[in-house]
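Engineer: one predicted model, sequence on top.
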Amino acid sequence: MSANRPLHLAAEIGGPPHYDAGHYLALARLAERGALDYVTLGDSFARPGLDALSVLSRIAPDTDRVGLVPTVTTTHTEPFHVSSAVATLDWVSRGRAGWNVEVSTTEAEARLFGRRGAAPADALWREAGETADVAARLWDSWEDDAEIRDVATGRFIDRDKLHYVDFAGSTFSVRGPAIVPRPPQGRPVVVLDGTSAAAREPAARHADVVHARATTPEQAAAIRDDVRRRAAAHGRDPDTLRVLVALTVDLGDAETAPEPGLESGPLLAGRGSYFRGGPVDLAELITQWHRAGAVDGFHLTPITPGRDLERIVNGTVALLQHRSLFRTFHPGGTLREHLGLARPAARYALARTAGEEA
Amino acid sequence: MHLAAYFPGVNNTTVWADPRSESQIDFSSFEHLARTAERGRFDFFFLAEGLRLREHNGLIHDLDVVGRPESLTLLNALAAVTDRLGLAATVNATFNEPYELARRLATLDHLSEGRAAWNVVTSSDAFTGENFRRGGYLDRADRYTRAAEFVATARELWDSWTPDGHSRPFAHSGRHFTVSGEFTVPRSPQGHPVVIQAGDSDEGREFAASAADIIFTRHGTPEAGRVFYADVKARLGKYGRRPADLKIMPGVTFVLGDTDAEAQENASEIRRQQVSPQNALLALEQVWGRDLSAYDPDGPLPEIDPDPDSALVQGRVRHEDPFVVAARWRALSEAKGLSIRQTVIETTARQSFIGSPQSVAAELSAFVAGGAADGFILVPHLTPGGLDDFVDRVVPLLQERGVFRSEYTGSTLRSHLGLAEPVWKG
């Protein structure tokens, strides 16, 4: 049954830094032409490059369908600002925003802010989970129909449909409600790399999409099962999350044979799974892993974005489409629709109406 | 003359009940207003900021427009649908950190090819602070020392790349910030984004004279404008700056009609819409600091005195002694026989330019020629079409008079404003 799950594909468009919009726009349009679910843009305070959320906001009006998922870190930022910025990306993209949650572990990053020293990954990921949690609460803090424009009573909003979140985390607290009205997707899509042990738990609790590095279909399936089991333990329906295998791809010279040993799977290299071969080989790998029911899809990081993304879209994706394994167009408009994820109801609205019915 | 467009948001300038009023949050509204401003060859588009919803008497304020996007994210998207228009974001220096904000501002300057501006505001407000790690603990004086050090630190970061495109380590150690490392963004197309300062206090004026490119004021009358203009321009010399280095731009409203009489009628109607019966009582409560909901907005002012220790209003700054304001309102009400609502309509009107397009163009020109301002930040009362008439009917008259550009001559906001690129401090 699992082999019939729709295949989801996403691609990273970062790489050596560019300081203009055109480079990133061209890559996002390419991904959009390939009907990919979303593009990601990695970010860090400590390596050259522009602010990722700003870049994806800049290209939002010039794209139509592709999801836009910037990395926004949680260690030195303000949770309230982060939630507002991601919600605004959802507004300007008309429902295509996601947020790749990351932490800043290094002393170098800490010194850029001078507010707190570096901290262990466990503590930072706990805080990241709390940030994702409070962001979701802030996105829910306006009910969808809070704006009423009632001329008779002079009221622009119904204040009973705005809610304080009163969140107290381990390192911050937020009173709420949000300043930004509830975004088009209700909640923008939260993406989290759950490869590391420290990140697995916040991923299972708070993410809509989990990226995970794996080198065999069996390993990918085990991670997926683990994430789903943990999600269920938190009271979530595991079918409301997607697990995508994160793969760095080097498509080198178009149709060369893969490196020895790759026929059975990608090489393990560096930070995780690494594929080197031709676009057709990559399509084979995706097909095999997907047929095995091991994954919901793939998040591909081209080693050279300009070259490899073109080969992914025109080679790998075209072949997957030809095999009817991947869609040829975006049937919906929002990132949640691409991923087959329902638009969540606002929790405070549910609580309020439940209270009224009781 | 310089012109900017303000997106009318959270205040009672906006007539949201008008059938022509559309979304305050959909991107299409921002796109409409920005494209109109660019069609009119405006210098820049200006966004305010919200960090906590206002409350009145412990309840979220519900009578005016509530909710808005985050400024910098929105402006990056507007950079995609405009070519020349400057893009100004209001961002608080109290609840942000220099490294992150300098990076986001430099990013906007790169992505817009040199059109970014930052309106520096401060807050000392524990109420707003409840949404942030920092909380609210700065006293009034510290707000400005932090803001000044914030801007200086941002400038150090913006200057930290070499002209041939290499990053150099920076280190700043001061009273409010001790930061070091390498900035991730090369020097941006304008060198530094344009810095705007809003605020009328002595500290605010001094801060603007030392560090800002534009000062955003409320002095909307020619007399008050001239006094303010002379004062601020005179402060520049001690910082080694020339009068032309700081542009003075009051925020003003406008109402047009085919004739001056029709414009006055339109203005009266707009004032009535802005000051609903509920808004009139609210304005009264904001002065009195008391629950006055039992009063009739069409009846007389209350006889009780304001409560000087009231915590009724939060999220909005009080500028004046409530007893002084109450006495002024009472005197006006008695002299003219005005009800509560009529008194509020009369007293809370911001100075506006009201008249036919010819009259408004003449007044605006005289204001600038008379040394009361370098230009205006126009606050329309309708979203998103509130600037259309001005651009279609007043701008051509300003252009005929030769006081406003007919075409952009440069591509950056600094070039529109006639401001030099900041000296690169290596």
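Structural biologist: Happy to help now that I have it. Numbering: from 1, shown residues only, chains lettered A, B, ... in the order given.

Engineer: what count of nearby residues applies to residue A:34?
Structural biologist: If you count neighbours by other Cβ atoms under 10 Å in any protein chain shown, residue A:34 ends up with 23. C-beta coordinates here come from the backbone N, C-alpha and C atoms, glycine included.

Engineer: roughly how far apart are it and residue A:319?
Structural biologist: Here the distance between residue A:34 and residue A:319 works out to 11 Å (Cβ to Cβ, to the nearest Å).

Engineer: quick check: what element follows the lengthiest helix in chain A along the chain?
Structural biologist: Longest helix in chain A by number of residues (criterion: DSSP state H): helix A:121-140. For helix A:121-140, the succeeding helix or strand toward the C-terminus, using DSSP states H and E, is strand A:147-150.

Engineer: can you list the strands that that following strand pairs with?
Structural biologist: Note on strand A:147-150: by DSSP bridges, its sheet partners are strand A:155-157 (antiparallel).

Engineer: CA-only coordinates of the longest helix of chain A in PDB, if you can.
Structural biologist: Output of helix A:121-140 as PDB, limited to C-alpha atoms (Å, rounded to 0.1, in the frame of the first residue of the first chain):
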ATOM      1  CA  ALA A 121      22.900  20.800  20.900                       C
ATOM      2  CA  ASP A 122      20.300  19.100  23.200                       C
ATOM      3  CA  ALA A 123      19.400  22.400  24.800                       C
ATOM      4  CA  LEU A 124      19.400  24.300  21.500                       C
ATOM      5  CA  TRP A 125      17.000  21.800  19.900                       C
ATOM      6  CA  ARG A 126      14.800  21.900  22.900                       C
ATOM      7  CA  GLU A 127      14.600  25.700  22.500                       C
ATOM      8  CA  ALA A 128      14.100  25.200  18.700                       C
ATOM      9  CA  GLY A 129      11.100  22.900  19.400                       C
ATOM     10  CA  GLU A 130       9.700  25.500  21.800                       C
ATOM     11  CA  THR A 131      10.100  28.200  19.100                       C
ATOM     12  CA  ALA A 132       8.300  26.100  16.600                       C
ATOM     13  CA  ASP A 133       5.600  25.500  19.200                       C
ATOM     14  CA  VAL A 134       5.100  29.100  20.000                       C
ATOM     15  CA  ALA A 135       5.200  30.100  16.400                       C
ATOM     16  CA  ALA A 136       2.300  27.700  15.700                       C
ATOM     17  CA  ARG A 137       0.400  29.100  18.600                       C
ATOM     18  CA  LEU A 138       0.900  32.600  17.400                       C
ATOM     19  CA  TRP A 139      -0.300  31.600  13.900                       C
ATOM     20  CA  ASP A 140      -3.400  30.200  15.500                       C
END
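
Engineer: residue A:338 belongs to a helix?
Structural biologist: Yes - secondary structure of residue A:338 (DSSP: H, G, I helix; E, B strand; the rest coil): part of a helix.

Engineer: which residue packs closest to it, ignoring adjacent ones?
Structural biologist: The shortest distance from residue A:338 to any residue other than its chain neighbours is 4.4 Å, reached at residue A:37 (Cβ to Cβ, 6 or more residues apart in numbering or on different chains).

Engineer: what is the neighbour count of the one you found?
Structural biologist: 29.

Engineer: returning to what we had before: buried residues of the longest helix of chain A, list them for me.
Structural biologist: Of the residues in helix A:121-140, A:124-140 count as buried by neighbour count, 16 or more other Cβ atoms under 10 Å in any protein chain shown.

Engineer: anything in it near chain B?
Structural biologist: No - Helix A:121-140 lies out of reach of chain B by Cβ under 8 Å from any Cβ of the partner chain, never closer than 9.2 Å.

Engineer: that helix packs against which elements?
Structural biologist: Counting contacts by 3 or more Cβ pairs under 8 Å, 6 or more residues apart in numbering or on different chains; DSSP states H and E, helix A:121-140 packs against helix A:79-92, strand A:98-102, strand A:167-168, strand A:189-193, helix A:197-206, helix A:347-357.

Engineer: tell me the strands beside the longest strand anywhere in chain A, with direction?
Structural biologist: With residue count as the measure and DSSP state E as the assignment, chain A has strand A:242-250 as its longest strand. In the sheet, strand A:242-250 lines up against strand A:209-213 (parallel), strand A:272-276 (parallel), strand A:297-302 (parallel) (DSSP bridges).

Engineer: how about those strands in CSV, adding mean pLDDT and mean neighbour count?
Structural biologist: Putting the strands paired with strand A:242-250 into CSV (pLDDT from 0 to 100; neighbours: other Cβ atoms under 10 Å in any protein chain shown) gives the following:
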stretch, mean pLDDT, mean neighbour count
strand A:209-213, 96, 27
strand A:272-276, 82, 22
strand A:297-302, 96, 26
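
Engineer: ok, which of those strands comes nearest residue B:50?
Structural biologist: Distances from residue B:50 to each of the strands paired with strand A:242-250 were compared by Cβ to Cβ, and the smallest falls on strand A:209-213, at 29.9 Å.

Engineer: and the following helix or strand past that closest one, which residues are buried?
Structural biologist: The element immediately downstream of strand A:209-213 (helix or strand, assigned by DSSP H and E) is helix A:217-233. Along helix A:217-233, these residues count as buried under the neighbour rule (16+ other Cβ under 10 Å): A:217, A:219, A:220, A:221, A:223, A:224, A:226, A:227, A:228, A:230, A:231.
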